[in-house]
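Undergrad: generate coordinates for the sequence data below:
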Amino acid sequence: MLNSDIFLIIESSKLKFTEVDQQIADYFLNGNPPLKQSELAKKINVSTASITRFCKKTGFGNYKEFIYCYRKTLQEHSNDKNNITSNLLIRYNELITEIDKMIDIEEIKSVCRLIQLHKIIHIYGLGLSAIAGEDFKFRFTRIGKYVEVVQDYDSIEMISSLLDQDNLVIYLSLRGENQYVIRSLKRLKQKGATIIVITSNRSSVMDELADVTLLTSQIKNTNEVGQVSGQLPLLIIIDMIYSQYISMYRENVSKWIGTEYAYLHGHKSSEHK
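TA: Below you'll find the model as predicted:
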């Protein structure tokens, strides 16, 4: 804990804060000078007991440990403002390296073949995963696929009741633990639908549900959330799928783009007559 960035620790603990906790947090998040506990209590008009409780909520045993980490973080930020960029670049490289070790190109090709076989694709994703789903939709809609991103429980349940063995569903979730979605996927599996799962969850449940599972990396340290976009590991896999798909079906994609261009160009010309 003492080697962690105190600002990220405070941000990641906010859900547990009372108004007094937030008042204390604001003092430190603004980069104010470190003070003795009694001086800080007087300055921001809170009790020393409140400061101790705040420290424990952020994972420290006492104020002494907290202020040591705070001083260290201030010093590191002051010494090298480029550390943030450097650390991000290192983490991006680690993510890509981890994914490269886990991914199987034959599984990527299998996913591409399934996408090629289906005109309509449903993406299940909640929160940040839905944002990654929108990226998938943007890419594949441009090359002739109809992609629908389903991003809430009620819609997932409703859509699942309508789909059958002719449909392709792609579930995006790093944790892959949402029981509501898993329940819907189990029903789809029973009806014979094709299911692709992109996740960092290696559990047997995911393997049982999916026709193909693509494993990606995960944000291991909760303090990284906000520093590294939570959907980034999913977006990297989507990049791989899209690039492989273009490589495998270049001729079909070129024909579609050419037809679409001719239609749009002709449509615009007719409007000006």
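Undergrad: can you pull out the strands in the stretch 101-250 of the chain?
TA: Assigned by DSSP state E, counting those that start in this stretch, the stretch 101-250 of the chain shows strands spanning 120-125, 146-150, 168-172, 194-199, 212-215.
Undergrad: make JSON lines from those and add mean pLDDT to it.
TA: Below are those laid out as JSON lines (pLDDT from 0 to 100):
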{"stretch": "strand 120-125", "mean pLDDT": "96"}
{"stretch": "strand 146-150", "mean pLDDT": "96"}
{"stretch": "strand 168-172", "mean pLDDT": "96"}
{"stretch": "strand 194-199", "mean pLDDT": "95"}
{"stretch": "strand 212-215", "mean pLDDT": "94"}
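Undergrad: return the most buried member of these.
TA: Most buried of those, by mean neighbour count (mean count of other CB atoms under 10 Å): strand 168-172, with a mean of 27. Any C-beta I mention is one placed from the backbone N, CA and C, and that applies to glycine too.
Undergrad: just the pLDDT for the closest residue to residue 192 other than its chain neighbours.
TA: In space, residue 192 comes closest to residue 165 once its chain neighbours are excluded; the distance is 3.3 Å by CB to CB, 6 or more residues apart in numbering. pLDDT for residue 165: 94.
Undergrad: of all the strands of the stretch 101-250 of the chain, which one is nearest residue 59?
TA: For residue 59, the closest of the strands of the stretch 101-250 of the chain is strand 194-199, at 28.0 Å, according to CB to CB.
Undergrad: figure out how far the closest one is from the centre of its chain.
TA: Distance of strand 194-199 from its chain centroid, counting by CA atoms, centre = their mean, to the nearest Å, is 16 Å.
Undergrad: which residue lies nearest the spatial centre of this structure?
TA: Ranked by distance to the mean C-alpha position of the chain (CA atoms, centre = their mean), the top residue is residue 231 at 2.1 Å.
Undergrad: hmm, that residue is touching residue 134, no?
TA: No - Residue 231 is beyond contact range of residue 134, at 9.7 Å (criterion: CB atoms under 8 Å).
Undergrad: which SSE is immediately downstream of the helix or strand that contains residue 9?
TA: Per DSSP states H and E: residue 9 is located in helix 6-12. Going down the chain from helix 6-12, the next helix or strand is helix 19-29, by DSSP H and E.
Undergrad: output the helix or strand hosting residue 87 as CSV - backbone C-alpha positions only.
TA: Using DSSP H and E, the element containing residue 87 is helix 83-102. The C-alpha trace of helix 83-102 is given here as CSV (Å, rounded to 0.1, in the frame of the first residue of the first chain):
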residue,chain,number,x,y,z
ASN,A,83,5.8,9.6,-14.9
ILE,A,84,2.0,9.4,-15.7
THR,A,85,2.7,9.1,-19.4
SER,A,86,5.5,6.6,-18.9
ASN,A,87,3.5,4.4,-16.5
LEU,A,88,0.5,4.4,-18.9
LEU,A,89,2.8,3.4,-21.8
ILE,A,90,4.2,0.6,-19.7
ARG,A,91,0.8,-0.7,-18.7
TYR,A,92,-0.5,-0.5,-22.3
ASN,A,93,2.5,-2.6,-23.4
GLU,A,94,1.9,-5.1,-20.6
LEU,A,95,-1.8,-5.4,-21.6
ILE,A,96,-0.9,-6.2,-25.2
THR,A,97,1.8,-8.6,-24.2
GLU,A,98,-0.6,-10.5,-21.9
ILE,A,99,-3.3,-10.7,-24.5
ASP,A,100,-0.7,-11.9,-27.1
LYS,A,101,0.3,-14.8,-24.8
MET,A,102,-3.3,-15.8,-24.2
